[in-house]
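[1] build the 3D model from these lines:
(4 chains)
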2 protein chains.
Amino acid sequence: MADHVSGKWLQRAGLAQRTGCNLETIRYYERIGMMPDPPRTASGYRIYDDSHVARLRFILRARELGFAIEQIRGLLDLVDCGAQTCAEVKERTERHLADVRAKIADLRRIEKVLASTAALCSGDEVPECPVLDALAS
Amino acid sequence: MADHVSGKWLQRAGLAQRTGCNLETIRYYERIGMMPDPPRTASGYRIYDDSHVARLRFILRARELGFAIEQIRGLLDLVDCGAQTCAEVKERTERHLADVRAKIADLRRIEKVLASTAALCSGDEVPECPVLDALAS
DNA sequence: CTACAGTCTGTAGCAACTACAGGCTCAAGA
DNA sequence: TCTTGAGCCTGTAGTTGCTACAGACTGTAG
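    Model prediction:
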């Protein structure tokens, strides 16, 4: 049980540290089947290797780019089957990109309303407020 | 029990219809204390009037502008106490605006990465894909 | 030999809803 | 008058993506 110190394999904390992933999130990904059930030591401790590091990094990068868990699962399924094609992945990426752009558009609309309404505020210690008026109207 | 038809007061579905709010969401807002517990008919049906319509619209508008429930609760608390000042509301609005702008910045970073990576894709029926490479790297 | 850090499991909580199931009530048509 | 069906009631579970705990066990260092 000292090989995880010598670096031959990793325990959960090691995987977390190598990937920047939260400790509990690893277990969560295993539970929902994004990460495989890892082999165990005789006493039940999880054993990870570089393949786990790579897969978890893939998931985390995709999450950083805003892909939903189910979308990432889809990508991983493709790759796991060796069935991925650049055409398919590109299409999925562009669909996701469209979602991202829609969210940006939503937020920019919100930003405009907030900024223009707040700009009407006197900022004085008075009860009347254009922001409240806008919300109540 | 016919006054809600004549328009003197509203039942839950009427309030939902007047505000565009989902039926169940009304009950949810009552449960978490954003909306007051409404008076009831003898048989337990909720009774709403214009004050409920106004308050619910306030909440829904604020939600549309991305305010979190707790922020809205804060604004409503101010107003309910008559303690609101334009200065205070402006400050809260600008804090929220900063959050919105941060989210936009995040999404734009994501958008750039997605767009530039997808642009590298051949889109062909080949297994190699720049998007997958970027995620795996 | 004993601390104590690390791991294990199951479960509960977060935001902000949404959607049932199973039981009442009310108004309208036969 | 009776019945049908829509609408209301309550409690609870599901959603997404984690995060955090409690209580038990294990492994290592002093």
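[2] could you pull out the helices for chain A?
    A:3-6, A:12-19, A:23-31, A:50-64, A:69-81, A:86-120, A:130-136 (DSSP state H).
[3] mean neighbour count, distance to DNA strand C and mean pLDDT added to those, as CSV?
    For glycine as for every other residue, the C-beta is placed from the backbone atoms N, C-alpha and C. What follows is those, written out as CSV (neighbours: other CB atoms under 10 Å in any protein chain shown; distance: least, CB to the nearest atom of the strand, whole Å; pLDDT from 0 to 100):
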stretch, mean neighbour count, distance to DNA strand C, mean pLDDT
helix A:3-6, 12, 7, 82
helix A:12-19, 17, 3, 97
helix A:23-31, 15, 6, 97
helix A:50-64, 17, 12, 98
helix A:69-81, 15, 13, 97
helix A:86-120, 17, 13, 97
helix A:130-136, 19, 14, 97
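[4] so which residue is smack in the middle of chain A?
    Centroid-nearest residue in chain A, with CA atoms, centre = their mean: A:Arg63, separated by 2.5 Å.
[5] how close does it sit to A:Ile69?
    Separation of A:Arg63 from A:Ile69 (CB to CB, to the nearest Å): 8 Å.
[6] could you do A:Ser6 as well?
    34 Å.
[7] residues in contact with A:His52?
    A:Leu10, A:Leu15, A:Met35, A:Pro36, A:Pro38 (CB atoms under 8 Å, 6 or more residues apart in numbering or on different chains).
[8] residue contacts, the second one?
    Applying CB under 8 Å, 6+ apart, one finds that A:Leu15 lies in contact with A:Cys21, A:Ile26, A:Tyr48, A:His52, A:Val53, A:Leu56.
[9] nearest residue to the third one other than its sequence neighbours?
    Using CB to CB, 6 or more residues apart in numbering or on different chains and skipping residues adjacent in sequence, the residue nearest A:Tyr48 is A:Leu10, 4.2 Å away.
[10] report pLDDT for the one you found.
    Here, the pLDDT recorded for A:Leu10 equals 96.
[11] my guess is it meets A:Tyr45, correct?
    No - the criterion here is CB atoms under 8 Å, and A:Leu10 misses it with A:Tyr45 at 10.5 Å.
[12] so which of those two has more stuff around it?
    A:Leu10 (22 against 13; other CB atoms under 10 Å in any protein chain shown).
[13] any idea how far the more buried one lies from A:Glu94?
    Distance, A:Leu10 to A:Glu94, by CB to CB: 36 Å.
[14] next one: A:Trp9
    A:Trp9 is 38 Å from A:Glu94, by CB to CB.
[15] which residues of chain A lie near DNA strand D?
    A:1-2, A:5, A:22, A:24-25, A:27-28, A:41-45, A:63, A:68-70 (CB under 7 Å from any atom of the strand).
[16] quick one: contacts for A:Ile72?
    Residues counted as contacts of A:Ile72 (CB under 8 Å, 6+ apart) are A:Met34, A:Phe58, A:Ile59, A:Ala62, A:Arg63.
[17] name the nearest residue to the second one, sequence neighbours excluded.
    Distances taken as CB to CB, 6+ apart put B:Leu135 closest to A:Phe58, at 5.0 Å, once the chain neighbours are dropped.
[18] same deal with the fourth one?
    Once flanking residues are discounted, A:Ala62 sits nearest to A:Ile72: 4.5 Å by CB to CB, 6+ apart.
[19] give me the pLDDT for A:Ala2.
    Confidence for A:Ala2, expressed as pLDDT, is 66.
[20] how far away is A:Ser116 from A:Arg109?
    From A:Ser116 to A:Arg109 the distance is 11 Å (CB to CB).
[21] now do A:Ala13
    From A:Ala13 to A:Arg109 the distance is 44 Å (CB to CB).
[22] ok, now A:Gly74?
    Distance of A:Gly74 to A:Arg109, given as CB to CB: 30 Å.
[23] what of A:Ile59?
    For A:Ile59, the distance to A:Arg109 - CB to CB - is 32 Å.
[24] ditto for A:Arg61
    Counting by CB to CB, the gap from A:Arg61 to A:Arg109 is 29 Å.
[25] what's the answer for A:Cys21, then?
    A:Cys21 sits 34 Å away from A:Arg109, going by CB to CB.
[26] what does A:Ala87 give?
    Counting by CB to CB - A:Ala87 and A:Arg109 are separated by 33 Å.
[27] cool, and A:Tyr48?
    Distance, A:Tyr48 to A:Arg109, by CB to CB: 44 Å.
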